[in-house]
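Novice: Sequence plus the predicted model coming up.
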Amino acid sequence: MAINGTKKIQVPWKRVIVALCFLMINIINQRYHTGSGLDGIVETFRDLVGVPIAVMIVIHYKWEDFREYKIPYLIWTGVGILGGILFWNLSGDLIYFANDRITVILEVFLYGYIVIHTFISVVIEKKYPKLNKKYAILWLVMMLLMVVSRSTYIWPLAFLIMFGCFYLTDYTKQEQDDIYQGMLDGIILSFFVFQAYCCMFRPFDPWDNRYKAIFNNSNHAALFYCMVLAVIGAKIMQIYKKKAHWIWKVWYLIFAAAVYSLLFMTIGRLGWIVGFLTGILALIFIAHLTHKKNFIRNGIALLLCTCILFVPVFSIVRYTPALFHHPVWFWGEWDKDRVHAWDPWDSWKYVDMNEFMETALGRIAISVSELFSSSPFAIRAYAAEPNKIPMFEAAPDGFTIRKTIYQYYFEHLNLFGHPYSEQGFQMTARYWIGHAHDIYLQFGTDFGIIAMILFMILLGWGAVIAIRKFWKDGNTKAAGSLFLLFVPCVFGIFEYCWGVGSLTIPVLFVLTRNVLCDGGMEDVCSSEENNR
């Protein structure tokens with residue numbers, strides 16, 4: 001409908017819904033990593049991951065689909081209600097917290113309808129996307145190995161059902177674009193929502209002079225900022241491909257510089273490295289897309305903009321929370337020496353610029369010293385077995401710690417994985433190592449060597465496909481998918497900051513569809529031009 005000769009503005013409501021879903025995934029990520037573990041918050045939010053995924057599946061459905069085959073849905077409604085009542089009354093020993101039990105019941109009830117719809121679409125109506133069969137078989141084998149492993153985790157079975165239905169949904173090209181763009185928009189929206197909350201209620205105090213933002217661990221904050229940088233890189237690729245107005249390039253340059261400033265404030269060495277490499281990768285891709293030798297120019301512009309913005313960004317983080325009187329601390333953070341509502345804006349408890357720079361530069365100096373004084377190839381360290389004498393009397397340098405952890409977990413790999421109760425060792429009297437600090441070793445420890453190898457193959461295969469598609473015709477979706485894949489895969493080499501409730505796991509599974517399904521990697525810009 002046109003009014004006075006003008007075109008009707010169409011709101012991409014599916015893209016908006018997907019963006020809100022990823023906002024929810026980021027909230028789940030935040031609560032999963034900051035909950036106390038004493039009130040069911042961690043378990044409840046961990047198990048809520050299926051809700052936004054279900055919404056992204058259901059937006060494809062039409063009401064007529066349910067009316068045409070209503071008998072199976074009616075039967076499931078009755079079975080689901082009865083099963084939910086029985087589960088609520090009988091699962092107290094299995095799921096202690098009532099809020100988590102409610103979450104599980106609602107999700108199983110919801111996915112019952114989705115499984116029925118997927119079965120009807122695939123088996124009866126023969127409607128499903130064309131699949132990359134080799135990739136699909138490897139993914140299915142990996143998931144089945146995770147399900148039957150000794151890990152005792154339930155989430156691999158849940159993800160097999162959730163994302164199996166997601167991959168078999170025959171989205172249109174426009175819907176595939178809405179999911180991809182909504183994912184990018186949702187992560188950016190989450191950044192602004194979280195950072196606004198931090199600037200009101202999360203004062204930057206000198207606990208260890210490392211900025212934690214919306215988390216209680218600086219590594220989690222650094223990983224989130226790196227994911228935001230990957231999204232910015234994906235958006236910039238689209239801006240250059242569309243040859244959009246220069247103001248958008250300036251906006252994303254300023255946005256990236258602000259995020260780099262926040263990333264620097266986390267004083268996370270791994271975050272710094274991953275953020276730097278992500279920026280280098282984006283600059284290389286931009287230079288290839290534009291066929292110009294602008295790599296150095298764009299890099300200098302980004303560096304200068306970051307240096308200029310660092311002082312105002314630091315000032316905003318330091319002084320804005322002091323205007324509010326309700327500081328918020330998460331699990332394990334509260335201390336009498338932290339900022340409280342009655343502390344003045346210039347309290348000694350706040351971090352000042354000199355304290356922060358001394359800590360940041362000192363950490364760099366320590367890293368360089370450890371690198372040259374303790375070569376990882378010259379260290380010979382063995383982890384203590386559980387419940388035995390600790391390996392070290394005091395915490396050694398970072399390189400020794402990492403090599404000791406990796407050596408222990410590598411030596412304990414097997415074909416069928418380990419339950420959590422069989423993992424970990426005592427490094428020092430006060431330092432228990434509970435995970436591998438490496439996503440690949442952790443996958444192998446949890447689910448077995450074969451599952452770990454398949455996991456690595458699928459990630460590498462997806463990266464190769466994305467690089468080839470971009471290098472061939474400047475595919476912006478391929479470039480953006482690679483950036484989002486790159487961050488957790490590199491970050492995961494030295495940290496296990498993932499977990500089933502993390503942002504990175506759903507993102508990786510969503511990106512897998514771009515490789516798995518024919519047309520999933522179609523360029524967003526080209527698709528938009530065709531739709532016009």
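Specialist: Yep, that arrived.
Novice: What sits closest to residue 21 if chain neighbours are left out?
Specialist: Nearest non-adjacent residue to residue 21, counting by CB to CB, 6 or more residues apart in numbering: residue 52, 3.6 Å away. Placement of C-beta: from N, CA and C, glycine included.
Novice: The one you found: neighbour count?
Specialist: 22 (other CB atoms under 10 Å).
Novice: ok, it touching residue 22?
Specialist: Yes. If you go by CB atoms under 8 Å, residue 52 and residue 22 touch, sitting 7.1 Å apart.
Novice: Next, give phi and psi for residue 432.
Specialist: Main-chain dihedrals, residue 432, degrees, to the nearest 10: phi -90, psi 130.
Novice: That one contacts residue 405, doesn't it?
Specialist: No. Counting by CB under 8 Å, residue 432 sits too far from residue 405 to count as a contact (11.5 Å).
Novice: neighbour-wise, which of those two wins?
Specialist: residue 405 (21 against 12).
Novice: Return the list of helices and strands in contact with the lengthiest helix in the chain.
Specialist: Taking DSSP state H as the criterion, the chain has its longest helix at helix 173-201. Contacts defined by 3 or more CB pairs under 8 Å, 6 or more residues apart in numbering; DSSP states H and E place helix 173-201 against helix 13-34, helix 218-242, helix 295-319, helix 476-491, helix 504-516, helix 524-531.
Novice: mind redoing it with 10 Å?
Specialist: Under the contact criterion of 3 or more CB pairs under 10 Å, 6 or more residues apart in numbering; DSSP states H and E, helix 173-201 touches helix 13-34, helix 50-58, helix 218-242, helix 246-265, helix 295-319, helix 476-491, helix 504-516, helix 524-531.
Novice: buried sites along the fifth one?
Specialist: Within helix 295-319, the residues scored as buried using 16 or more other CB atoms under 10 Å are 298-299, 302, 305-306, 309-310, 313-314, 316-318.
Novice: Share the number of residues neighbouring residue 37, please.
Specialist: Using other CB under 10 Å: residue 37 sits among 10 other residues.
Novice: What of residue 76?
Specialist: Neighbour tally, residue 76, other CB under 10 Å: 16.
Novice: following the host helix or strand of it, which helix or strand shows up next?
Specialist: Element membership for residue 76, per DSSP states H and E: helix 70-90. Next in sequence after helix 70-90, counting helices and strands by DSSP H and E, comes helix 98-119.
Novice: quick revisit: for the residue nearest to residue 21, give me the pLDDT.
Specialist: For residue 52, the model assigns a pLDDT of 95.
Novice: There's contact between residue 66 and residue 116 in this structure, I believe.
Specialist: Yes. Look at residue 66 against residue 116 with CB atoms under 10 Å: they come within range, at 9.3 Å.
Novice: hey, what's in contact with both of the two?
Specialist: Common contacts of residue 66 and residue 116 (CB atoms under 10 Å, 6 or more residues apart in numbering): 72-73.
Novice: Tell me which helix or strand the closest residue to residue 517 other than its chain neighbours sits in.
Specialist: Spatially, and ignoring its direct neighbours in sequence, residue 517 is nearest to residue 129 (4.2 Å; CB to CB, 6+ apart). Counting by DSSP H and E, residue 129 is held by no secondary-structure element, helix or strand.
Novice: For the residue lying closest to residue 347 once chain neighbours are set aside, give its distance to residue 204.
Specialist: Spatial nearest neighbour of residue 347, excluding adjacent residues (CB to CB, 6+ apart): residue 339 at 6.6 Å. Remark: distance between residue 339 and residue 204 (CB to CB, to the nearest Å) = 9 Å.
Novice: picking up where we left off before, what sits in contact with each of residue 52 and residue 22?
Specialist: Taking CB under 10 Å, 6+ apart as the criterion, residue 52 and residue 22 both touch 186, 506.
Novice: thinking again about what came up before, list the buried residues in the helix holding residue 76.
Specialist: Going by neighbour count (16+ other CB under 10 Å), the buried part of helix 70-90 is 72-73, 76, 80, 84.
Novice: now residue 328, what's its secondary structure?
Specialist: Following DSSP: H, G, I helix; E, B strand; the rest coil, residue 328 is assigned to coil.
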